[in-house]
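Undergrad: I would like to see how this sequence folds:
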Amino acid sequence: MNTSVLACTVLFCCLASPFIAAFGQASTQAQQSGGAASVTALPRIPIPSGPFGIGRIGYDWIDSSRPDRFSADPNAQRELMVYLWYPTARKAADVKGPYIPHAKQMDAIPDIQSRMSKYFEGNWQYIVSGAIYCHAAEGAHVAKKPGQFPVIVFSHGLGGTGFEYTSLIEDLVSRGYVIAAIEHTETAVVVAFPDGRMVPFHRDSPPAGLTPAERWQRMIEQSTLLISEGAADVRFVLNQLTALNGGDGRQFPLARRLDLNRVAAMGHSAGAEFAARACQLDARFKACVDLDGGMVPVAALPEYPDGATIQQPLLFLENYYPESKMGGTHEEHLAYYKKREEQLQACPKGSFAVALRADGLIHGSYDDSPLLEAHGRAAGTQTALHNQALIQSFIQAFLDKTLKNQQEPLLDGSIASLPEATVQAYGH
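TA: Numbering: from 1, shown residues only. I've put the predicted structure just below:
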């Protein structure tokens, strides 16, 4: 079987499982700490560590070149919500923006409320009320200096939402990056559009009576479409930013403020493969960040019949998983590590693979889920914040090195020993 197709299949079936497992592990930790009845404090998103404040604005964009493959309307086109998070001059700890915009509207629709309640469990009511909040001011003025900011196009995981990566996004923005966070329609848990439409996650339902071979083939096709569509979303967003950046500042507050010579694609889990595939196809991206997106037991990065490989410096940041936590057989794992090494060796100079081994680290540690699931308890909160800081330190170092041409001890070999991380440089 074609490796590219099989890799997509493994992504579809396997990456969803760790994503769900991340919440399961976090929930188990909460139960072991005493359950919801023992909550003494609400989760708090950490105040960003950089010098800038945070602004946010949402855009409803339609890609007229692509149909909406799930719509009953044959004329419907691919539509996305994209949230731009950007630096502001004023850093204020008392800013309390909505953790999820339109949460109250979501909560008023029974089916959507049920989906979000299952996803965020007991925290959903606090998100709706605003008791759990972000530090972004909606529509705030863009910082006057510097003249331009590097840009990161970000993709969430399968069945997730970009808003659950608020801690990561805010910290990067506070250090001078603009983040274009895509809500991938039908891939996100729910996407809320300004006109009140709510589009939930599309769960594939194979028709009854398929043979195992037919079911496998259908999964292959759906998985291939998933990565291809996600990568097309990423490239479309960069097209939109490019067009708007050259326009009028009265229509687009960030006009001429985006440095489109310094753009990275970044994603987590399935979103990591969207980012990687976009980078394989589009040289406008100058860096690629793959967060725990390896497609065990087949390949680390997408492979397609076109043979495209990543031409930008890559940060392949992942958790260390023992074999008992990996899908597949021992022989398949050996084949996976061989393929992984071949793919990473083919990456350009300035690429790094980083394996993290911190206590309590799970697939969901790249987002806010462990912090939210700690429900304010000291031990769980401390572990979640520690792991967030560890992950963010490598992302920040790689982006600063690649897009800002800064020296970074974490990646430049200046630090001889890292007890919680193994760093391997790649490049040809």
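Undergrad: so who does Y133 touch?
TA: The contact partners of Y133, taken as Cβ atoms under 8 Å, 6 or more residues apart in numbering, are I45, K96, G97, P98, Y99. In this view, the C-beta of every residue, glycine as well, is placed from N, C-alpha and C.
Undergrad: ok, of those residues, which one's closest to Q105?
TA: P98 (10.9 Å; Cβ to Cβ).
Undergrad: my guess is the closest one meets C134, correct?
TA: Yes. The criterion here is Cβ atoms under 8 Å, and P98 meets it with C134 at 7.0 Å.
Undergrad: ok, back up a step: pipe the contacts of Y133 into CSV and attach pLDDT and neighbour count per row.
TA: Shown next, in CSV, are the contacts of Y133 (pLDDT from 0 to 100; neighbours: other Cβ atoms under 10 Å):
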residue, pLDDT, neighbour count
I45, 96, 17
K96, 94, 15
G97, 96, 18
P98, 98, 18
Y99, 98, 24
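Undergrad: Tabulate these (CSV), appending secondary structure and distance to P419.
TA: Putting those into CSV (DSSP: H, G, I helix; E, B strand; the rest coil; distance: Cβ to Cβ, whole Å) gives the following:
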residue, secondary structure, distance to P419
I45, coil, 27
K96, coil, 37
G97, strand, 36
P98, strand, 38
Y99, coil, 33
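Undergrad: now, the most widely separated pair of the residues you listed?
TA: Most distant of the contacts of Y133, by Cβ to Cβ, are I45 and P98, 11.7 Å apart.
Undergrad: Need the residues touching each of those two.
TA: Listed as contacting both I45 and P98 by Cβ under 8 Å, 6+ apart are Y133, C134.
Undergrad: residue boundaries of the strands in the stretch 1-150 of the chain?
TA: For the stretch 1-150 of the chain, the strands defined by DSSP state E, counting those that start in this stretch cover 53-67, 77-88, 97-98, 133-134, 136-138, 149-155.
Undergrad: in the stretch 151-300 of the chain, which spans are strands?
TA: Going by DSSP E, counting those that start in this stretch, the stretch 151-300 of the chain shows strands at 178-183, 190-192, 198-200, 258-268, 287-291.
Undergrad: in the stretch 51-200 of the chain, which ranges drop under the pLDDT threshold?
TA: Along the stretch 51-200 of the chain, segments meeting pLDDT under 70 span 92-93.
Undergrad: can you rerun that using 50?
TA: Within the stretch 51-200 of the chain, no range satisfies pLDDT under 50.
Undergrad: State whether A353 is indeed within a helix.
TA: No. Applying DSSP: H, G, I helix; E, B strand; the rest coil, one finds A353 to be strand, outside a helix.
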